[in-house]
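**Q** sequence first, predicted coordinates after that:
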Amino acid sequence: MKHLLNIETRAEPDDVDPLAAATAAVDELRTGFTEYRAGSETTITELRSQIAAMETRMNRPGFGTAAPAEVSLERRAFSSFLRLGDNRMSAEEVRALIVGDDTKGGYLAPAEFQTEVIKGIVDLSPIRQAVRVGSTSAGSVILPKLTGRPTASWVGEDEERPETTMTYGQIEIPVHELACYIDVSLRLLEDSAINVESEIATELSQEFAIKEGAALSNGDGAKKPQGVQRMPGVAEVVNGSATALNPDRLVALMYALPAQYRSNASWLMNGTTLGLIMTMKDGQGNFLWQPSYQAGQPSTLLGRPIIEDPSMPDIANGAYPIQFGDFSKSYRVFDRVGMSVLRDPYTQATRGLVRFHARRRVGGGPVLAEALRKLKMSAS
């Protein structure tokens with residue numbers, strides 16, 4: 001206390017009353033302590049005020065949120081191109097676009113924009129969810145295919161051994177072009193509060209997904225991919241009735257597929273067929289179809305997931321309404337690297353619209369028919 005209050009002890013003369021001296025010393029100590037306590041309370045009050053002010057700032061909207069990720073120059077340039085056109089952009093942004101200039105006209109969309117479009121297509125295209133998807137920068141993709149398997153045989157001690165050389169063929173998957181255009185109002189482009197890239201990416205995803213999904217499922221190969229339904233060499237299982245699904249034949253279809261493909265296999269059918277299957281039961285009264293108990297997971301039939309494809313045919317005599325197999329092994333899809341967008345401010349100028357022409361290239365084709373089986377609606 002002596003150190004805190006800066007009080008010094010000192011010797012008193014003999015003629016000073018000891019009691020009076022002690023009383024004075026006590027009074028001095030009491031005064032010093034009171035001053036020290038008042039200063040401490042002032043400091044505490046100041047600290048409390050600072051803490052309260054800090055809590056007020058922390059409770060304000062937006063405080064403590066992470067700073068937005070820095071947008072790349074290419075994406076900023078592409079956004080300016082969509083809103084303004086290249087003739088009203090800064091020289092730096094124009095140079096960023098020229099780096100991705102497509103030789104056939106238009107500008108290549110940045111990688112982030114393409115990712116948004118492809119993600120939207122995956123969400124809308126059922127075939128893409130099941131098959132294996134790759135990328136290419138070529139006009140076609142050539143894949144090796146094993147056409148002959150080595151065959152071992154039992155031989156005697158001095159008998160000639162047979163040749164067991166494997167033979168390979170080739171599968172060529174051409175990459176086709178898919179094009180569309182959308183019209184966007186000038187007011188939408190001028191409104192800085194709206195994410196123009198996201199709006200255009202959503203529209204392009206829907207346009208591309210509808211056409212692409214139909215082609216990957218039932219395309220005839222003419223200027224479009226050859227679809228899963230038109231895959232040659234797929235073994236079939238006869239339903240036993242031309243108009244009514246036979247639950248026993250669904251089990252037969254499932255186990256007609258080789259075991260190495262069955263563990264990763266899925267069912268493919270349209271919504272009408274799925275609705276009929278949802279009412280089917282086994283001999284013990286249990287439903288063959290089971291709903292999904294987890295968000296984002298598909299429902300199941302006989303324990304395997306169901307993919308709903310609107311391009312699959314309805315139940316009818318001679319139709320193939322259901323396929324079962326490992327689609328990741330049986331079918332391949334290739335996206336050509338790059339998607340170009342051309343801005344046309346003149347064609348629809350009288351209507352206050354800007355037209356955006358988009359094109360992308362995608363190829364798809366069958367690679368392994370033995371990984372699929374299909375159900376034929378027929379009595380025999």
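**A** All right, it came through fine. Residues are numbered from 1 along each chain as shown.

**Q** and residue 315, how far is that from residue 49?
**A** 77 Å (CB to CB, to the nearest Å). In this view, the C-beta of every residue, glycine as well, is placed from N, C-alpha and C.

**Q** ugh, typo on my part, it should be residue 245
**A** 77 Å.

**Q** and these two? which has more neighbours close in?
**A** residue 245 (20 against 10; other CB atoms under 10 Å).

**Q** in a strand, that one, correct?
**A** No - under DSSP: H, G, I helix; E, B strand; the rest coil, residue 245 falls outside any strand and is assigned coil.

**Q** that one touches residue 279, doesn't it?
**A** No - look at residue 245 against residue 279 with CB atoms under 8 Å: they stay out of range, at 9.9 Å.

**Q** most residues in a single strand of this structure, which one?
**A** strand 353-366 (DSSP state E).

**Q** report the distance from that one to the chain centre.
**A** Here the centre of strand 353-366 is set off from its chain's centre by 19 Å, with CA atoms, centre = their mean, to the nearest Å.

**Q** how about stretch 282-296?
**A** The answer for stretch 282-296 is 27 Å, by CA atoms, centre = their mean.

**Q** now it: buried residues?
**A** 288-289 (16 or more other CB atoms under 10 Å).

**Q** average pLDDT across it?
**A** When pLDDT is averaged along stretch 282-296, the result is 77.

**Q** just checking: what are the partner strands of the following helix or strand past the longest strand of the chain?
**A** Counting by DSSP states H and E, the next helix or strand C-terminal to strand 353-366 is strand 372-376. Note on strand 372-376: by DSSP bridges, its sheet partners are strand 235-238 (parallel), strand 322-325 (antiparallel).

**Q** looking at those, which is closest to residue 268?
**A** Ranking the strands paired with strand 372-376 by their distance to residue 268 (criterion: CB to CB) puts strand 322-325 first, at 4.3 Å.

**Q** for the helix or strand following that closest one, packing partners?
**A** For strand 322-325, the following helix or strand on the C-terminal side (DSSP H and E) is helix 327-330. Applying 3 or more CB pairs under 8 Å, 6 or more residues apart in numbering; DSSP states H and E, we find helix 327-330 packed against helix 126-130.

**Q** how distant is the helix it packs on from the center of its chain?
**A** That offset, for helix 126-130, works out to 12 Å (CA atoms, centre = their mean).

**Q** residues in contact with it?
**A** 121-122, 212-213, 216-217, 227-228, 266, 268, 307-310, 327-328, 331, 333, 364 (CB atoms under 8 Å, 6 or more residues apart in numbering).
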